[in-house]
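In: A predicted structure for the sequence below; I have some questions about it.
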Amino acid sequence: MATDLVSDIDEPTLRARREADKTRTRRGFERHVLLRDSLLRWYRAIDELDPGRVRFGLPETGLTPDLLALGPRQVRSGADLFERLLARLN
């Protein structure tokens, strides 16, 4: 089963990383910070509806061969999961 990797980094850490890395412009940074909580809520709901699909946190050593070997999901989620997701988020 493929896994959605979701990084759950708090806002102060995100801001510190932005300040420490002057090599990137990060034009959409504030928009992404505003979306953070909604995206985490979305992925938590997906994880409740399809257990094992979401892995919160990224490996310290980066993407490991076992994670890469999972590849894309063989079966798309479909309308049923989407309908249940919308119902849960309302």
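Out: Cool, got the structure.
In: going forward, measure contacts between C-alpha atoms and count neighbours the same way
Out: Will do.
In: helix or strand next in line after the worst-scoring helix or strand of the chain on mean pLDDT, which one?
Out: Least confident helix or strand, the chain: helix 65-70 with a mean of 83, by mean pLDDT, DSSP states H and E. Where DSSP states H and E defines the elements, the next helix or strand beyond helix 65-70 is helix 78-89.
In: and that next one, how far from the chain's centre?
Out: 17 Å (CA atoms, centre = their mean, to the nearest Å).
In: and that helix, what does it pack onto?
Out: The contact analysis (3 or more CA pairs under 8 Å, 6 or more residues apart in numbering; DSSP states H and E) places helix 78-89 against helix 29-49.
In: the inter-axis angle of the helix it packs on versus helix 78-89?
Out: Angle between the axes of helix 29-49 and helix 78-89 is 110 degrees (criterion: axes from the mean of the first three to the mean of the last three CA atoms, to 10 degrees).
In: buried residues of the next helix or strand after helix 29-49, list them for me.
Out: From helix 29-49 onward toward the C-terminus, using DSSP H and E, the following helix or strand is strand 54-56. Taking 16 or more other CA atoms under 10 Å as the neighbour-count basis, strand 54-56 is seen to contain the buried residues 54-56.
In: elements contacting the least confident helix or strand of the chain?
Out: Helix 65-70 is packed against no helix or strand, with contacts defined by 3+ CA pairs under 8 Å, 6+ apart.
In: mean confidence for stretch 3-17?
Out: Confidence for stretch 3-17, expressed as mean pLDDT, is 91.
In: kindly export it (C-alpha atoms) in CSV.
Out: The C-alpha trace of stretch 3-17 is given here as CSV (Å, rounded to 0.1, in the frame of the first residue of the first chain):
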residue,chain,number,x,y,z
THR,A,3,1.6,6.0,1.8
ASP,A,4,1.0,9.8,1.8
LEU,A,5,3.8,11.4,3.7
VAL,A,6,2.7,14.5,5.6
SER,A,7,5.1,16.8,7.3
ASP,A,8,3.6,18.2,10.5
ILE,A,9,6.0,21.1,11.4
ASP,A,10,4.8,23.8,13.7
GLU,A,11,4.7,27.4,12.4
PRO,A,12,7.6,28.8,14.4
THR,A,13,9.9,26.1,13.0
LEU,A,14,8.7,26.8,9.5
ARG,A,15,9.4,30.5,9.9
ALA,A,16,12.8,29.7,11.4
ARG,A,17,13.7,27.5,8.4
